[in-house]
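Asks: my questions are about this predicted structure, shown below with the sequence.
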Amino acid sequence: MTDSKYFTTTKKGEIFELKAELNSDKKEKKKEAVKKVIASMTVGKDVSALFPDVVNCMQTDNLELKKLVYLYLMNYAKSQPDMAIMAVNTFVKDCEDPNPLIRALAVRTMGCIRVDKITEYLCEPLRKCLKDEDPYVRKTAAVCVAKLHDINAQLVEDQGFLDTLKDLISDSNPMVVANAVAALSEIAESHPSSNLLDLNPQSINKLLTALNECTEWGQIFILDCLANYTPKDDREAQSICERVTPRLSHANSAVVLSAVKVLMKFMEMLSKDLDYYGTLLKKLAPPLVTLLSAEPELQYVALRNINLIVQKRPEILKHEMKVFFVKYNDPIYVKLEKLDIMIRLASQANIAQVLAELKEYATEVDVDFVRKAVRAIGRCAIKVEQSAERCVSTLLDLIQTKVNYVVQEAIVVIKDIFRKYPNKYESVIATLCENLDSLDEPEARAAMIWIVGEYAERIDNADELLESFLEGFHDESTQVQLQLLTAIVKLFLKKPTETQELVQQVLSLATQDSDNPDLRDRGYIYWRLLSTDPVAAKEVVLAEKPLISEETDLIEPTLLDELICYIGTLASVYHKPPSAFVEGGRGVVHKSLPPRTASSESTESPETAPAGAPSGEQPDVIPTQGDLLGDLLNLDLGPPVSGPPLATSSVQMGAVDLLGGGLDSLMGDEPEGIGGPNFVAPPAATVPANLGASMGSGLSDLFDLTSGVGTLSGSYVAPKAVWLPAMKAKGLEISGTFTRQVGSISMDLQLTNKALQVMTDFAIQFNRNSFGLAPAAPLQIHAPLSPNQTVEISLPLNTVGSVMKMEPLNNLQVAVKNNIDVFYFSTLYPLHILFVEDGKMDRQMFLATWKDIPNENEAQFQIRDCPLNAEAVSSRLQSSNIFTVAKRNVEGQDMLYQSLKLTNGIWVLAELRIQPGNPSFTLSLKCRAPEVSQHVYQAYETILKN
């Protein structure tokens, strides 16, 4: 009979009966009773009352009974720690049992009892088991050390277990070696700073020897450990690769991926001239192909990893295109992933095959898959120039099918083809225009509008086509509205006489009737350009566009290198570094590929230049949000190279005259031509309040230049506040504020005498404070202060006074003396008066420092109700010595990376995330002194909102 009978009884008084049976003299009855107890425990009944009776059953030679009792013990030890101590003696005895299975069982159970009181009793038995003659006991004890370290790390270190574990790496038994490596890796992950796995060529040799003989999971532990080692030169790297390569033919896919990870990492160090390098490339392809014959879930994981490998080294799989062709019964997630890899592998040699396949996919029934297939045809055209013509004719065939979603996707990709190959395929525009009425998706409508605007001179009825879109302007999505505005302005610049009314109509819709700040701003800028300088308008709007890059969805190179180090883990499936999805980030170490050796650098060819190498042929990469900090080194902050040079005088004058011609002249004599004398300037009444009250001064108000953004006016100064009221200081009232200008800090004071007697002999003193603020000169009030008289004085300050940490950090305690008495008050100074002028960090330094500061030092804040755009924010912060190191746009968000330095040398790094049109910004601050962050955030708030 099976053991299911133990789960069926639910009698009353059962606990009492079980107690009697557990204390029975008959062994069989005891065993039956323990099984019933375990069954009750499994279904969730509370049988903790039987703890002492079950523990008494431990004294037995029967292995099955012992296992059951240990199972019970693990479950209830936490809730009954005092009782569990009773079992310690048995553990100690069992650890000396002649049967190795019982010794191992005892040590395994000890590691699972997470009770602090007991752990110290377990050290002796564990020490013996780590040196046990039987390898089965040693391998179990190795894992127990990791478990014990999780409960009480200090105890494990004090008892010297870590050194014993390190010795086990040299054990003669491969399974013991594998478990020792696993345990040390586990401990090292929770303590990244400790150098537990001190790998050297000798220990690596031992691991490689053990690799051939241990179980598959043991092999994975060893391979993952090898992947963290950096060989000293290319010869050592090659030797390791040679010994790891046989693992590629293992039946377990996890072993294969771990081996691929090691080889991908060490290949970085091999010269491409080596015969071995070519051999290795050939050996890597078959195991990856084999992974694709597994079940769909495994295929998906393999495909996500292959996607990374193909981005890093496409040559590995360049001849294996056929295995990525989609099967009719593949699940959608596998199909989409295969499609992605097909595009990455597409080349002149295989493009005919790929296109035939993609055309077939475009007639499938699965809508998402069809869309992706149509997009893929466009990506092929952009990637392989020789195939562009064939791709365009394939897309035209698909448009003729008149299937709505196919037509829309085709139009979106044809727009990209036009951008890649201008003046080549414009003959298809007529066919596209026939399908105008069927477009209902924003992206397709926007693409079609772009095509009509861009090629307006070739389309006879372009104005009618755009007018048809204009009828429902307010119902369109923002993407379509912006595109329509630009297209009509382009049309107007190409055919001014016929489209005057149309452009007036769209400009007034965009500016007067729209709530969207992006649309409104673009409308105003076009309006201004057209009404002031049509020639400039033509240069701006009809400028030659850069050709688009072929691969826009490549993973950013530094992130790709990091993900290669995580092949076979969750990070390689998410395509995100562990820090992006592991909560708390504890124990997450940023990994990177080893540097190339000198011999391999010299043979580098531009096609396969390593990530980050200055190769002209590398495609531009749009960085993913996964690594928002991205690679700041690749960003270009300088002014654009092309375009008219700014007049030097205007730059020196701050933001007085951006166009160099005197702003007053902008609205005066208009050159006749495109706008002509009839072109209406934008109405003042419709300008939002924040754009300035009057439009008379032209661009100056549109760009809000009068507010001093970017001028050399020094940092923001708060209005004076009353620090010491007259009633508390016998008639002396003190108001004040702090300022910083051109490197010097001062306290601007206003002293008012509200008493009936004259005040003289003024002096001032500061208590010790967080940043050492102190008066740099005495308080000089030359004449006596008569009743009802007010005097204003600026007291210069320095930061060389005594330092003492205050609560809050920016608290300043002040004593003021005069002929009447000494008065005390305290005030809070804004931190931005301590931001120094040389606080701009260079980009490489910024990136290194950001990575170096621990993640727990990062603080995030929200700045709400701030209507400024990124440009204005950057300019306003710069005037208070918060410097923008780099700026970039990621998925429509403006990211500003900023640095500032305090007078005491503390650096603060910031990432400011601005979503156009959203008045809330996200501010992330990193600093080695995290207590400063809250006050830096308050400084941001103060500067940006005043």
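Replies: Looks like it came in fine.
Asks: where does the prediction get shaky in the stretch 301-450 of the chain?
Replies: Along the stretch 301-450 of the chain, the model assigns pLDDT under 70 to no residue.
Asks: actually the chain, sorry about that
Replies: 1-13, 192-195, 550-552, 584-589, 596-714.
Asks: would you map the strands across it?
Replies: 721-724, 732-741, 744-753, 763-766, 774-775, 790-798, 811-817, 822-828, 858-863, 883-890, 893-901, 907-914, 921-927 (DSSP state E).
Asks: export these to CSV and tack on distance to Arg458 and mean neighbour count?
Replies: Yep, even glycine has a C-beta here, placed from its N, CA and C like the rest. Formatted as CSV, these follow (distance: least, C-beta to C-beta, whole Å; neighbours: other C-beta atoms under 10 Å):
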stretch, distance to Arg458, mean neighbour count
strand 721-724, 66, 16
strand 732-741, 58, 20
strand 744-753, 63, 19
strand 763-766, 75, 16
strand 774-775, 74, 17
strand 790-798, 67, 15
strand 811-817, 70, 17
strand 822-828, 66, 15
strand 858-863, 48, 15
strand 883-890, 32, 18
strand 893-901, 36, 23
strand 907-914, 39, 22
strand 921-927, 44, 20
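Asks: where exactly do the helices run in the stretch 451-600 of the chain?
Replies: 462-470, 478-494, 500-511, 517-532, 534-541, 557-564, 570-574, 598-602 (DSSP state H, counting those that start in this stretch).
Asks: now what about the longest one, what contacts it?
Replies: For helix 478-494, the surrounding residues in contact (C-beta atoms under 8 Å, 6 or more residues apart in numbering) are 442-443, 445-446, 449-450, 452-454, 456-457, 462-463, 466, 469-470, 473, 476, 499-500, 502-503, 506-507, 510, 514, 516, 518-519, 522-523, 526, 530, 534, 537-538, 541-542, 674.
Asks: give me that answer again for 6 Å
Replies: With C-beta atoms under 6 Å, 6 or more residues apart in numbering as the test, helix 478-494 has contacts from 442, 445-446, 449-450, 452-453, 456-457, 462, 466, 469, 499, 502-503, 506, 510, 516, 519, 526, 538, 541-542.
Asks: just the buried residues out of those, in PyMOL syntax.
Replies: Only the buried members of the contacts of helix 478-494 enter the following PyMOL selection, criterion being 16 or more other C-beta atoms under 10 Å:
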select buried, resi 442+445+446+449+450+452+453+456+462+466+469+499+502+503+506+510+519+526+538+541
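Asks: select, out of the helices of the stretch 451-600 of the chain, the one closest to Asp116.
Replies: helix 570-574 (31.8 Å; C-beta to C-beta).
Asks: list the buried residues of the closest one.
Replies: Ala571, Ser572, Val573.
Asks: neighbours around the nearest residue to the last one once chain neighbours are set aside, how many?
Replies: Which is Val573. Leaving aside its sequence neighbours, Val573 sits nearest to Arg304 (C-beta to C-beta, 6 or more residues apart in numbering; 4.7 Å). When neighbours are defined as other C-beta atoms under 10 Å, Arg304 has 19 of them.
Asks: now do Asp198
Replies: 10.
Asks: also Arg371?
Replies: The burial count for Arg371: 17, using other C-beta under 10 Å.
Asks: for it, which non-adjacent residue is closest in space?
Replies: According to C-beta to C-beta, 6+ apart, the nearest residue to Arg371 is Glu409 (5.0 Å).
Asks: among the strands of the chain, which comes closest to Tyr121?
Replies: Among the strands of the chain, the nearest to Tyr121 by C-beta to C-beta is strand 858-863 (41.7 Å).
Asks: the stretch 101-250 of the chain: helices as residue ranges?
Replies: Using DSSP H, counting those that start in this stretch, helices in the stretch 101-250 of the chain cover 116-130, 135-151, 153-158, 161-168, 174-190, 201-211, 216-227, 234-244.
Asks: list the buried residues in the third one.
Replies: By neighbour count with 16+ other C-beta under 10 Å, helix 153-158 contains the buried residues Leu155, Val156.
Asks: for the second one, same thing?
Replies: Going by neighbour count (16+ other C-beta under 10 Å), the buried part of helix 135-151 is 135, 137-149, 151.
Asks: which one among these gets closest to Pro201?
Replies: Using C-beta to C-beta, those come closest to Pro201 at Ala142, 23.0 Å.
Asks: surely that closest one touches Ala180?
Replies: Yes: assessed by C-beta atoms under 6 Å, Ala142 is found in contact with Ala180 at 4.7 Å.
Asks: circling back to that earlier point, would you turn the helices of the stretch 101-250 of the chain into TSV with distance to Ser933?
Replies: TSV is the format used below for the helices of the stretch 101-250 of the chain (distance: least, C-beta to C-beta, whole Å):
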stretch	distance to Ser933
helix 116-130	35
helix 135-151	32
helix 153-158	29
helix 161-168	36
helix 174-190	26
helix 201-211	42
helix 216-227	36
helix 234-244	43
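Asks: out of those, nearest to Glu337?
Replies: It is, among these and with distance given as C-beta to C-beta, helix 216-227, at 23.5 Å.
Asks: nearest spatial neighbour of Leu288, chain-adjacent residues omitted?
Replies: Per C-beta to C-beta, 6+ apart, closest to Leu288 is Ile306, 5.7 Å.
Asks: which residues does Val47 contact?
Replies: Val37, Ser40, Met41.
Asks: can you pick the most crowded of these?
Replies: Val37 (27 neighbours).
Asks: what about Ala430, neighbour count?
Replies: Neighbours of Ala430 using other C-beta under 10 Å come to 10.
Asks: what of Lys283?
Replies: Around Lys283 there are 16 residues (other C-beta under 10 Å).
Asks: now it. Nearest residue, chain neighbours left out?
Replies: Nearest non-adjacent residue to Lys283 (C-beta to C-beta, 6+ apart): Thr245, at 5.8 Å.
Asks: so what's the residue count around the one you found?
Replies: 17.
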